[in-house]
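Trainee: Here is the input, now give the coordinates:
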Amino acid sequence: MSLFNVLNVASSGMTAQSTRLNVTASNLANAENTAGTAAAVYKPRHPVFSAILGEMGADNNAVGVQVDNIVEDNVDPRRLYQPQNPQADEAGYVYAANVNSVEEMANMISASRSYQMNVDVMNTAKQLLLRTLQIGE
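Mentor: Numbering: from 1, shown residues only. From the prediction side, this is the model:
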């Protein structure tokens with residue numbers, strides 16, 4: 001694998017982790033939203049990744065990552081008794097997004113660290129390319 005391919009792999013990883021960070025931020029921003037029906041409430045979303053396969057010699061190897069889809073979680077919303085809420089149904093209940101803030105924060109930390117590792121890989125590859133160019137001096 002050439003150093004230019006390393007840059008492409010790290011770049012695809014940064015794009016995927018950036019998407020993951022955005023989806024996690026959206027989940028956290030909507031964690032306390034309520035709705036009058038279970039169908040109308042915000043559902044947490046999660047990105048689905050897959051490896052990009054490429055031809056390298058005789059073997060197929062992963063040469064990056066891509067975001068295939070962003071799927072909604074099918075977890076049931078929280079049912080809260082709030083008869084004073086204007087969104088409450090006839091029984092006095094509102095429905096809130098079932099977002100686990102602790103889990104989302106852990107996802108955010110993991111995505112942030114993964115993004116930073118890809119930045120470090122790109123910086124290392126850049127330094128190696130620059131040192132390779134300096135060999136002939």
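Trainee: Please count neighbours and contacts with C-alpha atoms only from this point.
Mentor: Will do.
Trainee: Not counting its neighbours along the chain, what's nearest Val67?
Mentor: Distances taken as CA to CA, 6 or more residues apart in numbering put Phe49 closest to Val67, at 4.6 Å, once the chain neighbours are dropped.
Trainee: any residues touching the top strand by length along the chain, and which ones?
Mentor: Across the chain, the longest stretch assigned as strand under DSSP state E is strand 59-72. Contact partners of strand 59-72, identified using CA atoms under 8 Å, 6 or more residues apart in numbering, comprise 5, 8-10, 12-13, 15-16, 19, 43-55.
Trainee: what's the longest helix along the chain packed up against?
Mentor: For the chain, the helix with the greatest residue count under DSSP state H is helix 101-133. Judged by 3 or more CA pairs under 8 Å, 6 or more residues apart in numbering; DSSP states H and E, helix 101-133 is in contact with helix 3-29.
Trainee: picking that back up, show the buried residues in the contacts of strand 59-72.
Mentor: Buried members of the contacts of strand 59-72, scored by 16 or more other CA atoms under 10 Å, are 9-10, 12-13, 15-16, 19, 43-47, 49.
Trainee: Low-confidence ranges, this structure, go.
Mentor: 1-2, 55-62 (pLDDT under 70).
Trainee: Swap in 80 and give it another go.
Mentor: 1-4, 53-62, 136-137 (pLDDT under 80).
Trainee: ok now do the spatially most central residue of it, which residues does it touch?
Mentor: Against the mean C-alpha coordinate of the chain, by CA atoms, centre = their mean, the closest residue is Arg20 at 1.1 Å. Contacts for Arg20 (CA under 8 Å, 6+ apart) come out as His46, Pro47, Met108, Ala111.
Trainee: what about 10 Å?
Mentor: Going by CA atoms under 10 Å, 6 or more residues apart in numbering, Arg20 touches 14, 26, 45-49, 67, 70, 107-108, 110-112, 115.
Trainee: before we move on, what about Asn107?
Mentor: Counting by CA under 10 Å, 6+ apart, Asn107 makes contact with Arg20, Leu21, Val23, Thr24, Ala25, Ser101, Arg113.
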